[in-house]
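Colleague: one predicted model, sequence on top.
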Amino acid sequence: MFDFDQYLGFLSFLTILTIGFWLMIFLLTFVIPYWLFGNIIEIIKEKRAAKKAAKNNA
């Protein structure tokens with residue numbers, strides 16, 4: 001049915017496919033929301049600091 005080389009190629013294909021799948025799941029559920037949430041927090045902090053600076057200068 002399969003030669004040994006075809007078997008190894010099929011296993012390497014499945015391994016790469018599985019790694020890519022779990023990497024995509026990890027990125028979509030953890031890394032990207034963490035990055036977005038951190039950026040939103042930084043933007044809010046910058047706006048608050050700008051308001052305080054404007055209030056203190058006035």
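Modeller: Nice, I can see it.
Colleague: quick one: low-confidence parts of the chain?
Modeller: Judged by pLDDT under 70, the chain has its weakly predicted residues at 58.
Colleague: do a quick rundown of the helices in it.
Modeller: Assigned by DSSP state H, the chain shows helices spanning 4-26, 32-57.
Colleague: can you put these in TSV and add mean neighbour count?
Modeller: Quick note: C-beta positions are derived from backbone N, CA and C, even for glycine. Shown next, in TSV, are the helices of the chain (neighbours: other CB atoms under 10 Å):
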stretch	mean neighbour count
helix 4-26	10
helix 32-57	10
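Colleague: residue 45 and residue 31, how far apart?
Modeller: Going from residue 45 to residue 31 by CB to CB, to the nearest Å gives 21 Å.
Colleague: how about residue 1, what does it touch?
Modeller: Neighbour list for residue 1: empty [criterion: CB atoms under 8 Å, 6 or more residues apart in numbering].
Colleague: what about 10 Å?
Modeller: Neighbouring residues of residue 1 by CB atoms under 10 Å, 6 or more residues apart in numbering: residue 7.
Colleague: now do it against residue 11, distance only.
Modeller: Distance from residue 1 to residue 11, by CB to CB: 15 Å.
Colleague: how far out from the middle of the chain is stretch 42-54?
Modeller: Relative to its chain's centre, stretch 42-54 lies at 27 Å (CA atoms, centre = their mean, to the nearest Å).
Colleague: output that stretch in CSV with nothing but the alpha carbons.
Modeller: Coordinates of each C-alpha in stretch 42-54 appear next as CSV, following Å, rounded to 0.1, in the frame of the first residue of the first chain:
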residue,chain,number,x,y,z
GLU,A,42,-2.2,52.0,26.8
ILE,A,43,-4.4,54.2,24.7
ILE,A,44,-6.7,54.9,27.7
LYS,A,45,-3.6,55.6,29.9
GLU,A,46,-2.3,58.1,27.4
LYS,A,47,-5.6,59.9,27.1
ARG,A,48,-5.9,60.2,30.9
ALA,A,49,-2.3,61.5,31.1
ALA,A,50,-3.1,64.1,28.4
LYS,A,51,-6.2,65.2,30.2
LYS,A,52,-4.2,65.6,33.5
ALA,A,53,-1.5,67.5,31.7
ALA,A,54,-4.0,69.8,30.1
